[in-house]
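# just the structure for this:
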Amino acid sequence: MNQEKFGAFLIQRRTQKGLTQEALGRKLSVTKEIISRWERGQGIPNISLFEPLSKALQVSVSELISGTIIENKNISSNLRRSKFYVCTLCGNVIHATGEAVISCCGISLSPLEAKEPDEEHKITLTPVEDEHFITIDYKMTKSHYISFIAFVSGDRLRLVKLYPEGNPETRISIRGGGSLYIYCNNHGLIRMKV
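The predicted structure follows:
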């Protein structure tokens with residue numbers, strides 16, 4: 001952690017929140033002299049103070065440590081900038097429409113980076129009535145499986161959760177262009193343009 005960057009970030013957030021060094025110190029049960037030392041880049045808080053400090057400054061612990069505010073600039077309804085996050089501990093699937101600070105089960109999650117389909121994850125789309133029947137030529141087991149299938153267009157997200165030892169298939173209404181995503185618990189996120 002860069003102490004000078006942390007100190008500059010602390011000054012910026014403290015003043016934005018209208019807090020004096022003394023007021024912030026009271027919230028953390030430390031003296032204003034300690035706050036002053038941190039702001040001058042001459043030290044950092046004890047790890048036990050990061051969570052209360054992040055709450056006082058209304059930032060995440062990740063933002064506090066990095067010294068950078070994460071802003072979601074996706075103010076329009078364009079879902080094509082979607083990010084998927086999957087917790088490696090509980091398997092929770094989280095969707096965000098842009099940049100976000102996400103954590104689950106006490107760990108910070110990074111957005112998944114999508115890869116192109118490969119021979120092991122061959123995706124087939126078959127038109128059926130007003131939907132598409134999506135199948136993945138893949139043998140699902142309890143330890144190696146497709147967790148979800150999702151279709152993302154400019155204004156819609158359709159996500160179907162799959163379970164181990166089930167069939168990696170579903171029907172989804174696909175209108176217009178977009179991206180079809182599948183998530184393999186061992187190989188990560190795979191995207192196919194539709």
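# least confident secondary structure element in the chain?
The weakest-scoring helix or strand in the chain, judged by mean pLDDT, DSSP states H and E, is helix 61-66 (a mean of 84).
# so what secondary structure elements neighbour that one?
Judged by 3 or more Cβ pairs under 8 Å, 6 or more residues apart in numbering; DSSP states H and E, helix 61-66 is in contact with helix 3-16, helix 50-57. Heads up, the C-betas are built off the backbone N, CA and C, glycines and all.
# switch the cut-off to 6 Å
Judged by 3 or more Cβ pairs under 6 Å, 6 or more residues apart in numbering; DSSP states H and E, helix 61-66 is in contact with helix 50-57.
# centre of the chain to the helix it packs on, how far?
From the chain centre to the centre of helix 50-57 is a distance of 20 Å (Cα atoms, centre = their mean, to the nearest Å).
# again, but for stretch 33-52
Taking the mean of its C-alpha atoms, stretch 33-52 sits 27 Å from the chain's own mean (Cα atoms, centre = their mean).
# for stretch 97-105, same thing?
Centroid displacement of stretch 97-105 relative to its chain, using Cα atoms, centre = their mean, is 3 Å.
# ok, the spatially closest residue to Leu49 that is not a sequence neighbour - how many residues close by?
Sequence neighbours aside, Leu28 is the residue nearest to Leu49 in space, at 5.6 Å (criterion: Cβ to Cβ, 6 or more residues apart in numbering). A count of nearby residues for Leu28, using other Cβ atoms under 10 Å, gives 17.
# what of the one 4 residues further on?
When neighbours are counted by other Cβ under 10 Å, Lys32 registers 14.
# these two touch, right, it and Thr20?
No: with contact taken as Cβ atoms under 6 Å, Lys32 and Thr20 are classed as non-touching, separated by 7.4 Å.
# ok, Phe148 - how many residues close by?
20.
# centre of the chain to the edge, which residue is at the far end?
Within the chain, Glu33 marks the point farthest from the mean C-alpha position, 36.2 Å out by Cα atoms, centre = their mean.
# how much space separates it from Gly43?
The spacing between Glu33 and Gly43, counted by Cβ to Cβ, to the nearest Å, is 11 Å.
# now swap in Met1 and tell me
As judged by Cβ to Cβ, Met1 and Gly43 stand 11 Å apart.
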